[in-house]
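Engineer: Dropping the sequence and predicted coords here.
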Amino acid sequence: MIVDARLLLEDEPVAADVCIIGAGPAGIALAREYIGTDLRVCLLESGGLESDEATQSLRKGESVGLPYDRLDDARWRAFGGGSHTWTIELGNSETGARLHALEPSDFEQRDWVPYSGWPFDRAHLDPYYERAHRFFGVGPAIYDEQYWFPRASHGEPLLSSERMKATVFQFTRARAFFEEHRDAIHRSSNVTAYLYTNVTELETNDAGTAVERVQVACLPGVDHVVMPSGSGFSRVRVTDMPERRFSVTAKIFVMAAGATENARLLLLSTGHHPRGLGNQHDVVGRFFLEHPHMWSGRFIPADPSFAASAERYEITEQQGTLVMAKWVLTEQVRRRERLFGYCVSIHPRPDAALPDGAYSLLRLARAVRERKGPPRLATHVGRVIGGMGAVAATVYDRRVKRTGKRRVKGGTYRLDHMVEQAPNPESRVTLSDERDALGQRRVKLDWRLTRDDMRSWVRAQQIIDEELRRAGVGRLQIDVDREEPPPGVRGGWHHMGTTRMHEDPKQGVVDQHARVHGVANLYVTGSSVFPTGGYANPLLTVGALAIRLADHIRNEVGKPITLSG
């Protein structure tokens with residue numbers, strides 16, 4: 001069931017067996033595992049079914065490290081969470097997100113990657129990856145190029161070597177994801193999603209060893225929202241809605257609000273822990289990870305006939321699933337040369353590629369189709385006006401995609417790099433002195449990269465170039481060849497770390513079961529628990545970890561709350 005929490009009676013408490021904070025992909029994946037069980041589950045979502053300016057403003061923060069996009073652009077406070085920011089164009093006015101598992105070596109303690117190592121290996125997570133694939137509505141958990149593209153379209157063998165290979169990413173569709181899971185939860189009799197519920201504090205017992213309740217506040221005055229109406233949903237105008245506050249009690253609490261907000265809420269919960277809940281060793285908020293992205297350089301084919309087999313490097317449908325191949329380094333060469341994860345996609349686009357102006361154009365076009373305004377409307381309009389050249393190139397690309405005409409025949413391909421960042425305790429989230437509309441201190445982000453991050457990126461490009469030349473396929477034009485972050489580097493909105501998983505509470509916030517160290521009934525799920533990020537988009541692993549946690553909690557919910565060490 002989905003209800004508007006602002007319609008609850010003043011000070012009316014809510015009780016459940018499991019309370020999940022955040023209805024993004026992680027929280028939804030967890031909640032869906034309980035539909036039809038005998039557990040009472042409440043899912044607390046800060047926003048409504050659509051984003052609104054007042055609620056979205058709660059995500060504002062400041063950035064004091066590497067330049068970073070506005071935090072209230074990078075995540076939406078609305079049911080579906082990050083799924084509203086999946087903006088990869090899939091055709092037919094659809095958008096989506098990439099899915100790929102982490103590599104086996106990403107789970108290992110690599111002596112050249114500081115603070116690396118997960119409490120379990122990839123084989124442990126494989127069954128959950130399979131279930132996550134079904135949750136996201138895509139194909140099997142197979143990423144091998146040979147499976148999806150048995151032979152290149154012009155009959156030549158696929159490109160691979162001992163040092164590089166192609167791996168295949170699958171794509172989930174944003175609208176289908178949102179509508180399927182929204183409707184499933186709305187039909188559920190034992191899972192209730194409460195909209196417009198902003199958790200302001202986790203309250204513990206006097207010893208600080210277990211959470212007893214969470215305090216919730218509803219913003220006043222939000223209007224033009226989509227509300228549940230009978231078996232469906234309707235758009236209504238709401239005015240003069242008063243601010244309401246109430247509490248939620250539960251046996252088990254799970255934080256699923258994203259890496260910045262999970263850390264923020266722990267740091268704000270100072271009732272019996274002056275430094276913040278779970279922060280006895282000053283680890284909460286540290287090790288903020290991203291996937292540094294950058295459009296840089298070109299792939300120059302040796303033969304114009306390459307264009308005939310380049311389809312696998314674009315988004316195409318294979319065996320009923322949308323897929324796309326990217327180039328990556330093999331595990332052998334990463335071990336031998338002590339490199340971090342790296343992948344690159346190739347795109348037959350002009351020099352402008354897809355910068356901010358073109359991205360904002362797509363956001364505005366989507367808003368027009370759906371008859372709603374995106375957050376930060378003025379920001380998007382300004383980006384479009386300031387980047388008209390890139391906008392024109394994007395429109396041309398989309399026209400070519402619709403007509404089926406290949407833009408480049410034997411020309412050059414732009415490179416879109418995505419690389420692993422090594423864990424760094426100085427890359428972190430803290431609290432700023434500025435406060436939001438609920439009186440809560442906002443997030444301060446200090447994103448940092450190191451020379452080792454850049455060194456690995458530069459060497460990865462050199463290896464790809466060497467292998468392309470050796471195979472006679474072509475070469476790379478490398479533009480980034482220094483060990484300092486270039487001006488064009490950006491984050492992929494892949495917020496990771498901040499409540500990392502480690503068996504030692506001095507090195508992590510949660511244990512191998514995702515339970516906060518020292519707090520018996522508080523868990524965290526989502527990419528904030530990642531010890532390392534690999535090169536793959538975090539979304540699939542987020543789903544796998546949430547499903548894994550659901551299994552663990554099923555076994556724990558009936559037990560008395562005790563601390564085991």
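Structural biologist: Looks like it arrived, so ask away.
Engineer: drop to CA atoms for contacts and neighbour counts, all remaining ones
Structural biologist: Noted.
Engineer: quick one, longest helix in the chain?
Structural biologist: Assignment by DSSP state H gives helix 451-471 as the longest helix of the chain.
Engineer: Which other helices and strands does whichever helix or strand comes after that helix contact?
Structural biologist: Per DSSP states H and E, the first helix or strand lying C-terminal to helix 451-471 is strand 474-477. Using 3 or more C-alpha pairs under 8 Å, 6 or more residues apart in numbering; DSSP states H and E, the elements in contact with strand 474-477 are strand 293-301, helix 451-471.
Engineer: quick one: L90 and E314 touch, right?
Structural biologist: No: between L90 and E314 there is no contact under C-alpha atoms under 8 Å: 10.2 Å.
Engineer: residue boundaries of the helices in this protein?
Structural biologist: Going by DSSP H, the chain shows helices at 25-32, 53-56, 71-74, 122-135, 145-148, 174-187, 259-268, 331-337, 356-370, 377-386, 388-403, 451-471, 539-556.
Engineer: Could you check how many residues crowd around Y313?
Structural biologist: Look at Y313: counted by other C-alpha atoms under 10 Å, it has 18 neighbours.
Engineer: Contact partners for it?
Structural biologist: Applying C-alpha atoms under 8 Å, 6 or more residues apart in numbering, one finds that Y313 lies in contact with M324, A325, K326, S345, I346, H347.
Engineer: Kindly recompute the last result at 7 Å.
Structural biologist: M324, A325, K326, S345, I346 (C-alpha atoms under 7 Å, 6 or more residues apart in numbering).
Engineer: Show the model's pLDDT score for it.
Structural biologist: The model reports Y313 with a pLDDT of 91.
Engineer: State the distance from it to D479.
Structural biologist: Here the criterion is C-alpha to C-alpha, to the nearest Å. By it, Y313 lies 21 Å from D479.
Engineer: Kindly report the same for E201.
Structural biologist: 47 Å.
Engineer: Check what pLDDT T87 gets.
Structural biologist: Value listed for T87 in the pLDDT field: 87.
Engineer: wait, it sits on G96?
Structural biologist: Yes: with contact defined as C-alpha atoms under 7 Å, T87 reaches G96; the gap is 5.9 Å.
Engineer: ok, back up a step: between E201 and D479, which has more neighbouring residues?
Structural biologist: Using other C-alpha under 10 Å as the criterion, E201 and D479 rank with E201 on top: 21 against 13.
Engineer: Settle this for me: that one is touching V214, isn't it.
Structural biologist: Yes: E201 is in contact with V214 according to C-alpha under 7 Å; the separation is 5.7 Å.
Engineer: between T87 and G96, which one's more packed in?
Structural biologist: G96 (23 against 17).
Engineer: My read is that that one contacts Q170, right?
Structural biologist: No: counting by C-alpha under 7 Å, Q170 is not a contact partner of G96; they are 9.9 Å apart.
Engineer: between those two, what contacts are shared?
Structural biologist: Common neighbours of G96 and Q170 (C-alpha under 7 Å, 6+ apart) do not exist.
Engineer: What residues does the residue nearest the centre of the chain make contact with?
Structural biologist: Note on the chain: the residue nearest the mean C-alpha position is H494, at 4.6 Å, using C-alpha atoms, centre = their mean. Contact analysis of H494 by C-alpha under 7 Å, 6+ apart lists E290, H291, P538.
Engineer: Now with 6 Å, please.
Structural biologist: Applying C-alpha atoms under 6 Å, 6 or more residues apart in numbering to H494 gives the contacts E290.
Engineer: Would you mind measuring from it to L322?
Structural biologist: In terms of C-alpha to C-alpha, H494 sits 21 Å off from L322.
Engineer: Report the residue spans of this structure with pLDDT below the cut-off.
Structural biologist: Within the chain, the stretches with pLDDT under 70 are 9-11, 151-158, 221-231, 235-240, 242, 349-363, 365-410, 558-565.
Engineer: The top strand by length along it packs against which elements?
Structural biologist: Longest strand of the chain, by residue count under DSSP state E: strand 244-255. Counting contacts by 3 or more C-alpha pairs under 6 Å, 6 or more residues apart in numbering; DSSP states H and E, strand 244-255 is packed against strand 14-21, strand 211-218, strand 522-524.
Engineer: and the nearest residue to L329 once chain neighbours are set aside, what does it touch?
Structural biologist: With sequence-adjacent residues excluded and distances taken as C-alpha to C-alpha, 6 or more residues apart in numbering, L329 is closest to M164, at 4.4 Å. Residues in contact with M164 (C-alpha under 6 Å, 6+ apart) are V328, L329, T330.
Engineer: Good, wrapping up.
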